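>>> Give me a model of this one.
(chains A and B)
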Amino acid sequence: GAGVSQSPSNKVTEKGKDVELRCDPISGHTALYWYRQRLGQGLEFLIYFQGNSAPDKSGLPSDRFSAERTGESVSTLTIQRTQQEDSAVYLCASSLGREGLYEQYFGPGTRLTVT
Amino acid sequence: GQSLEQPSEVTAVEGAIVQINCTYQTSGFYGLSWYQQHDGGAPTFLSYNALDGLEETGRFSSFLSRSDSYGYLLLQELQMKDSASYFCAVRVLSTGNTPLVFGKGTRLSVIA
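Got it, this is the predicted structure:
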């Protein structure tokens, strides 16, 4: 009965480097979401996966951001050529499909610091 | 597009009652959720209203008025541990994939 897990918990990288963030959703949850949260701010939607449907990428801020999901399990968020404004906590969430998207279960997040 | 408005900060006394309001403007509306987030923690789901009226879960209640595009979260018998940020989020009717749109959050400080 594990919850959503994310790794790494913290990542410090130099400007211009690529980073990969990982999310393991709750088993059986077909929907998976990525959000960005800057310090003291709200949740900024990035991308949404639902089963085998094409992902909703409408929240990705630039083409430096991309995400993949393997079936209905692990997802990775990749940020290429990181910039200082990418520094934030990246949260992953999952839910019981599209009908359950109002009740999302969040992971602990990855705190990304770009120096 | 979608927009949600909620107060940025609220302060209340331990043992008291506090109401956190949320108004929304959406192109289509399906329901309103509330989440709690402690500093450094992950958001956790509190409640969901799809229909008008009050939903009660222990010390927390959530209300929705679809005609007024308005909802609120009511916290009773406030405890120090209730100090956290509270986010309202709307589920929007649209074709295709439908994410949940979050407000910017209300930071609640409970004081002795």
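>>> Could you use CA atoms for every contact and neighbour count after this?
Will do.
>>> what sits opposite A:Arg69 in the beta ladder?
When assigned by DSSP bridges, A:Arg69 has beta-bridge partners A:Ser75.
>>> residues in contact with B:Gln25?
Contacts for B:Gln25 (C-alpha atoms under 8 Å, 6 or more residues apart in numbering or on different chains) come out as B:1-4, B:69.
>>> Which of those residues are buried, as a ChimeraX select command?
In ChimeraX syntax, the buried subset of the contacts of B:Gln25 is picked out as below (16 or more other C-alpha atoms under 10 Å in any protein chain shown):
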select /B:4
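>>> Single out whichever of the contacts of B:Gln25 has the smallest pLDDT.
Lowest pLDDT of these: B:Gly1, 68.
>>> on that earlier part again, what's the closest of the contacts of B:Gln25 to chain A?
When the contacts of B:Gln25 are compared for distance to chain A (C-alpha to the nearest C-alpha), B:Leu4 wins out at 11.2 Å.
>>> Now that closest one: closest residue in space that isn't a chain neighbour?
Spatially, and ignoring its direct neighbours in sequence, B:Leu4 is nearest to B:Tyr24 (4.3 Å; C-alpha to C-alpha, 6 or more residues apart in numbering or on different chains).
>>> Ok, B:Arg59 next?
Closest residue in space to B:Arg59, ignoring its immediate chain neighbours: B:Gln76 at 5.1 Å, by C-alpha to C-alpha, 6+ apart.
>>> Please see if the lowest-mean-pLDDT helix or strand in chain B touches chain A.
One helix or strand of chain B scores below all others by mean pLDDT, DSSP states H and E: strand B:100-102, with a mean of 87. Yes: interface with chain A: strand B:100-102 contributes B:100-102 (C-alpha under 8 Å from any C-alpha of the partner chain).
>>> ok so, going back, wait, the residue nearest to B:Arg59 touches B:Val13, no?
No: with contacts counted by C-alpha atoms under 8 Å, B:Gln76 stays clear of B:Val13, the gap being 10.8 Å.
>>> tell me which of the residues of strand B:100-102 next to chain A is nearest to A:Tyr33?
Closest to A:Tyr33 out of these is B:Leu100 (9.5 Å), distances taken as C-alpha to C-alpha.
>>> Confidence-wise, which helix or strand of chain A is lowest on average?
strand A:44-50 (a mean of 92).
>>> Just the CA atoms of it, as PDB, please.
This file holds the C-alpha atoms of strand A:44-50, laid out as PDB (Å, rounded to 0.1, in the frame of the first residue of the first chain):
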ATOM      1  CA  GLU A  44       1.400  24.900 -11.800                       C
ATOM      2  CA  PHE A  45       0.100  22.100 -14.000                       C
ATOM      3  CA  LEU A  46       2.700  20.700 -16.300                       C
ATOM      4  CA  ILE A  47       1.500  17.500 -17.900                       C
ATOM      5  CA  TYR A  48      -1.200  14.800 -17.500                       C
ATOM      6  CA  PHE A  49      -1.100  11.100 -18.600                       C
ATOM      7  CA  GLN A  50      -4.300   9.000 -18.700                       C
END
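>>> Just name whatever secondary elements it is in contact with.
Counting contacts by 3 or more C-alpha pairs under 8 Å, 6 or more residues apart in numbering or on different chains; DSSP states H and E, strand A:44-50 packs against strand A:31-37.
>>> where's the residue lying closest to A:Leu101 once chain neighbours are set aside relative to B:Leu100, distance?
Distances taken as C-alpha to C-alpha, 6+ apart place A:Ser95 nearest to A:Leu101, at 5.6 Å, with adjacent residues excluded. Distance, A:Ser95 to B:Leu100, by C-alpha to C-alpha, to the nearest Å: 11 Å.
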